[in-house]
Each structure stands twice: as C-alpha cells, then as structure tokens.
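**Q** Provided below are the primary sequence and the corresponding predicted coordinates.
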Amino acid sequence: MRSRVIYADTYRKRHQRRLFLLAVLIIALGALFVWWHQRNPRPDPQTYPVLGVRLDQTDGVQDFDSLRSSKVSFVYLKATEGSSYFDDNFNTNF
C-alpha cells in the first residue's frame, strides 16, 4: 500500500478555488457592464447627432452647464401634468 502525503490535494483544491473565484469575478464584471449600459443608455452619435433631455420636478435641481458640456443640445421642460399640477421649479429652470 502506498502512503499519501496529507497535503497532497492542497494545491489542486487551492487552484480550483482560485479558478472558481476568477469565474465569479468575470461574471460579476460582465453583469456590472450590462447593468451600466442599461442604466445609462447613450445613443450612437453618428446615428443621433442631436442629443436632448426631458426634465421635470422629480429630476431635482439641474446643472445646465454640465448638460451643455455633455453635448446636450436641447431640453424639454415639463411644466404641467394634468389640470392641477404645476412644476414648482419651472420658472427657475426656464
């Protein structure tokens, strides 16, 4: 009968664990990439050369200089909704 070293499988187990963690990391980075592009969709500049945004009261205070530096060409300001709602920030934004 052949004797086995107690720690003979240590390298193999450690190697398998590292490969598993690497696979989990790659999957997590892929999921983050997909999530980011779904969260922040930017149209292709060649297909859509003019870029605009729609703002209302729920968007809070906006920095229009940063929008301009992001190459936003126009802004739709939503002032009303229905017959009784008026955006409190419309005059400030306009």
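**A** That came through fine. Bear in mind that the values here come from a model prediction, so they are computed numbers and not experimental data.
**Q** Give me the contacts around the worst-scoring helix or strand of the chain on mean pLDDT.
**A** Least confident helix or strand, the chain: helix 90-93 with a mean of 72, by mean pLDDT, DSSP states H and E. Helix 90-93 has contacts (C-beta atoms under 8 Å, 6 or more residues apart in numbering) with L55, Q57, Q62, L77, A79, D87. C-beta here means a position set from N, CA and C on the backbone, and glycine is covered the same way.
**Q** Stretch 67-75 too?
**A** For stretch 67-75, using C-beta under 8 Å, 6+ apart, the contacting residues are V50, L51, G52, V53, R54, L55, F64.
**Q** tell me the contacts of the fifth one?
**A** Residues counted as contacts of R54 (C-beta under 8 Å, 6+ apart) are V75, Y76, K78.
**Q** and those as a markdown table, adding secondary structure?
**A** Shown next, in a markdown table, are the contacts of R54 (DSSP: H, G, I helix; E, B strand; the rest coil):
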| residue | secondary structure |
| --- | --- |
| V75 | strand |
| Y76 | strand |
| K78 | coil |
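**Q** Now the residue nearest to the spatial centre of the chain: which helix or strand?
**A** Central residue of the chain (C-alpha atoms, centre = their mean): W36, 2.8 Å from the mean position. Taking DSSP states H and E as the definition, W36 sits inside helix 10-39.
**Q** just checking, next helix/strand downstream of that helix?
**A** From helix 10-39, the next helix or strand downstream (DSSP H and E) is strand 52-55.
**Q** Tell me the buried residues in that next one?
**A** Using 16 or more other C-beta atoms under 10 Å as the test for burial, strand 52-55 gives L55.
**Q** gap between it and the chain center?
**A** 18 Å (C-alpha atoms, centre = their mean, to the nearest Å).
**Q** do the same with stretch 67-85
**A** For stretch 67-85, the distance to the chain centre is 22 Å (C-alpha atoms, centre = their mean).
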